[in-house]
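Colleague: Below: sequence and its predicted model.
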Amino acid sequence: MLVAERIKLLAARTGFDLCGVASCRRFAESEARFRAWLGKGCHASLGYLERNVDKRFDPRLLVDGARTAVVCAVGYKNRAGGGYPEGHRAKVASYACATDYHTTLRAMLHRLFALLAAEYPGLAGRAFVDTAPLSEKRLAVEAGLGWIGRQSLLVTPRFGTYVLLGELLLTDEADRYDAPFEGSRCGSCRRCLDSCPSGALAEPYEVDARRCISRHTVERETDGRIDLGGWIFGCDACQSCCPYNRQAPMHALPAFDPLFDPVAMGPAEWLAMDEAAFDARLGATPLARSGLRRLQRNLRPEAEPDAGGAAAAANRCPEKKTADGGAAPRGE
């Protein structure tokens with residue numbers, strides 16, 4: 001039997017800021033809300049969200065015999081997370097300033113699993129980082145890490161929403177499981193809703209991906225156009241205003257050190273960049289998913305879609321999956 005406190009100790013040694021342990025089960029209420037959200041068409045072009053809905057809300061269907069979910073999180077706040085000067089026209093979501101978190105978190109989870117397997121012979125399981133139908137935010141609440149804010153993101157008491165999630169689904173039971181995080185600590189605050197520049201957060205706890213800037217700038221070619229508000233990749237508007245994020249500490253793990261400073265980069269620098277410079281400087285970041293040509297087109301929204309550039313970006317970086325609905329760019 002797994003010892004929960006030992007799991008958390010090893011997770012901390014691996015570099016995770018938070019770790020909780022939850023029992024694998026079906027989350028029927030969350031599934032019902034998600035299906036209703038799909039029924040309203042709020043997922044827009046994110047057709048993959050319609051597949052494997054049963055697996056998304058029952059981790060036992062993803063890993064045969066899964067009994068324990070180890071939910072880990074890393075704070076990633078950097079300078080860009082504090083917001084941009086008024087009028088800045090080349091804004092990048094702060095998570096995209098460092099090495100692609102999929103690579104970093106997956107390696108950390110594999111190290112954690114290896115440590116656990118050495119102590120628990122016969123242990124089986126899988127690691128997940130935002131690329132499978134898994135309700136990561138729901139599991140994080142179940143593991144006691146935080147609550148779901150009005151902007152539909154996980155909010156943690158210490159790190160706010162600036163956390164990246166990864167999970168181990170394991171076949172052994174734990175000696176105890178964390179109590180789910182009860183209630184919300186948002187109070188009457190609705191800054192996240194009021195700050196959305198495109199109206200994608202018209203309803204609390206629900207993202208309308210049809211109007212979400214993150215979807216329009218990150219996902220593969222989308223239908224229609226919206227005012228991007230100066231964002232060229234992702235959007236932090238509903239996060240940089242959050243009181244929990246304003247008091248959150250900067251990231252501690254060197255792997256999340258920014259590789260560039262978007263606050264110091266204006267449109268001219270982005271438009272003057274060529275492919276060689278982009279690959280050398282930014283090829284390890286999530287920006288590689290879009291590719292330079294699409295980023296440059298987002299600076300000039302009147303330009304026609306560049307199918308060739310989008311196809312090249314799609315081949316360069318696999319499609320990222322979000323988990324609980326909405327088009328926010330991190331593990332949800």
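Modeller: Arrived safely, thanks for sending.
Colleague: Restricting to C-alpha, output stretch 17-32 in CSV.
Modeller: The C-alpha trace of stretch 17-32 is given here as CSV (Å, rounded to 0.1, in the frame of the first residue of the first chain):
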residue,chain,number,x,y,z
ASP,A,17,5.6,22.7,-5.3
LEU,A,18,2.3,21.0,-4.5
CYS,A,19,1.2,17.4,-4.4
GLY,A,20,-2.1,15.8,-3.4
VAL,A,21,-3.4,12.2,-3.4
ALA,A,22,-6.9,11.3,-4.5
SER,A,23,-8.8,8.1,-5.0
CYS,A,24,-9.7,7.3,-8.6
ARG,A,25,-13.4,7.4,-9.2
ARG,A,26,-16.0,8.7,-11.6
PHE,A,27,-16.9,12.4,-11.4
ALA,A,28,-20.5,12.3,-12.6
GLU,A,29,-21.5,15.9,-11.7
SER,A,30,-18.5,17.3,-13.6
GLU,A,31,-19.2,15.1,-16.5
ALA,A,32,-22.8,16.3,-16.7
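Colleague: Buried residues, it. List them.
Modeller: 17-24, 27, 30-31 (16 or more other C-beta atoms under 10 Å). Every residue, glycine included, has its C-beta placed from N, CA and C.
Colleague: Tell me which residues of stretch 105-122 come out buried.
Modeller: Neighbour-count burial for stretch 105-122, counted by 16+ other C-beta under 10 Å, picks out 105-109, 111-113, 115-116, 120.
Colleague: distance between that stretch and the chain's centre?
Modeller: For stretch 105-122, the separation from the chain centroid amounts to 22 Å (computed by C-alpha atoms, centre = their mean, to the nearest Å).
Colleague: mind listing which of the buried residues of stretch 17-32 are in strands?
Modeller: Assigned to strands by DSSP state E, the following of the buried residues of stretch 17-32 qualify: 18-23.
Colleague: Could you export those residues as TSV, including distance to residue 54 and pLDDT?
Modeller: What follows is those, written out as TSV (distance: C-beta to C-beta, whole Å; pLDDT from 0 to 100):
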residue	distance to residue 54	pLDDT
18	28	98
19	27	98
20	24	98
21	24	98
22	19	98
23	18	98
